[in-house]
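Participant: here are the coordinates; sequence isn't available:
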């Protein structure tokens, strides 16, 4: 009997078959669409650290909207965000007030869409209104923005202003923004974006380990495989509840068992799980932690390495002492690391890692052979 296909998907942004610990967000969004204009969950902010499943969550909400025959426009924040949205939303961009079409050199497409900054909010609003008229009664428009922390304030102002008017007009629209945890304070503290304070905020933290264990058990046993309670416990504990690590551990223990599939047949053993966990730690280090550390200056690496000596939040004065520097000097790197969303300040005078498993990765770099 052949080993079933691997259901776990550790590739960034790829939809896993089971949204472990995130089902309530989809339910809230579904009810928001069904409850009609004015429902609070039609304006949503999804935040979480890298690898917490924000992009996957946006994909899931898009599927929910599509099943209701809504049009989904998904974008990732970068330069020209407002213009791209207008070009994609408007049924006929050239007929929207404020739009200036710059033809492509080859004449094979419309080329670039240029809108004067002052006209972006009204132009975006007009584009959404025109699209809704074209869609007809009973259909709506969902706009999702990923990596929102990278959007310019000018683009966010245009989007927020247009969204505010559309929601006020009880239009069949919904908006979901996703980004790093600092997104909440950055957006909500901007005076021009005060309407976002009414958004439904969903924080993607660690998934409770009992839910991880249950998901592993149902996925594995539901596929006709067997696994012991001891192996399940080990697998769940090893993830720390970090969504990306959940998919990595699930994928690697499944793959190890399939490759080994000998006399034990359709079983994921404790040895398979242990081997899968080690492979997952290496993959997480290579794919998430190493690129982060590589981009840091030497002294910034010294700062996070000093932090890694602690099992939890680190005292900023203790970190400075370990670096052999003054508080003022160490705080230069503290601020840069916070701005880069690599560390966070959970309380005055303390810092902690904003990227799960970065502490463990840094420790592994200095572990004696």
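Facilitator: Yep, it's here. In this text the structure is predicted, and so the values were computed from the model without any measurement.

Participant: Could you list the low-pLDDT ranges of the stretch 201-350 of the chain?
Facilitator: Applying pLDDT under 70 to the stretch 201-350 of the chain picks out residues 261-265.

Participant: Which stretches in it count as helices?
Facilitator: 209-222, 229-239, 243-260, 270-284, 290-294, 298-307, 316-323, 327-339 (DSSP state H, counting those that start in this stretch).

Participant: CSV for those helices, including distance to residue 150 and mean neighbour count?
Facilitator: The way it works is simple: take the backbone N, C-alpha and C, and place the C-beta from them, glycine included. Output for those, formatted as CSV (distance: least, Cβ to Cβ, whole Å; neighbours: other Cβ atoms under 10 Å):
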stretch, distance to residue 150, mean neighbour count
helix 209-222, 30, 17
helix 229-239, 28, 19
helix 243-260, 20, 24
helix 270-284, 23, 19
helix 290-294, 16, 13
helix 298-307, 20, 19
helix 316-323, 27, 18
helix 327-339, 13, 15
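
Participant: Quick one, which of the ones you listed gets closest to residue 176.
Facilitator: helix 243-260 (17.6 Å; Cβ to Cβ).

Participant: if we can go back for a sec, quick one, which of the helices of the stretch 201-350 of the chain gets closest to residue 144.
Facilitator: Nearest to residue 144, of the helices of the stretch 201-350 of the chain and by Cβ to Cβ, is helix 243-260 at 18.2 Å.

Participant: Which secondary structure elements does the closest one sit against?
Facilitator: helix 209-222, helix 229-239, strand 267-268, helix 270-284 (3 or more Cβ pairs under 8 Å, 6 or more residues apart in numbering; DSSP states H and E).

Participant: From the rest of the structure, what touches it?
Facilitator: 3, 6-10, 12, 16, 20-21, 51-53, 56, 204, 207, 212, 215-216, 219-220, 225, 235, 238-239, 267-269, 272-273, 275-277, 279-280, 283-284, 288, 356-357 (Cβ atoms under 8 Å, 6 or more residues apart in numbering).

Participant: can you list the helices of the stretch 201-350 of the chain in a markdown table and add distance to residue 65?
Facilitator: Shown next, in a markdown table, are the helices of the stretch 201-350 of the chain (distance: least, Cβ to Cβ, whole Å):
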| stretch | distance to residue 65 |
| --- | --- |
| helix 209-222 | 25 |
| helix 229-239 | 30 |
| helix 243-260 | 22 |
| helix 270-284 | 32 |
| helix 290-294 | 33 |
| helix 298-307 | 40 |
| helix 316-323 | 44 |
| helix 327-339 | 34 |
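
Participant: Which one, of those helices, ends up nearest to residue 83?
Facilitator: helix 327-339 (26.8 Å).

Participant: Next one: residue 236 from residue 201, what distance?
Facilitator: Separation of residue 236 from residue 201 (Cβ to Cβ, to the nearest Å): 27 Å.

Participant: now swap in residue 342 and tell me
Facilitator: 22 Å.

Participant: residue contacts, residue 140?
Facilitator: So residue 140 contacts 33, 65, 68, 70-71, 132, 172-174 (Cβ under 8 Å, 6+ apart).

Participant: and if you look at residue 69?
Facilitator: Counted by Cβ under 8 Å, 6+ apart, residue 69 has contacts 138-139.

Participant: what's the spacing between the closest residue in space to residue 327 that isn't next to it in sequence and residue 359?
Facilitator: Closest residue to residue 327 apart from its sequence neighbours, by Cβ to Cβ, 6 or more residues apart in numbering: residue 320 at 5.0 Å. Using Cβ to Cβ, one obtains 18 Å as the distance from residue 320 to residue 359.
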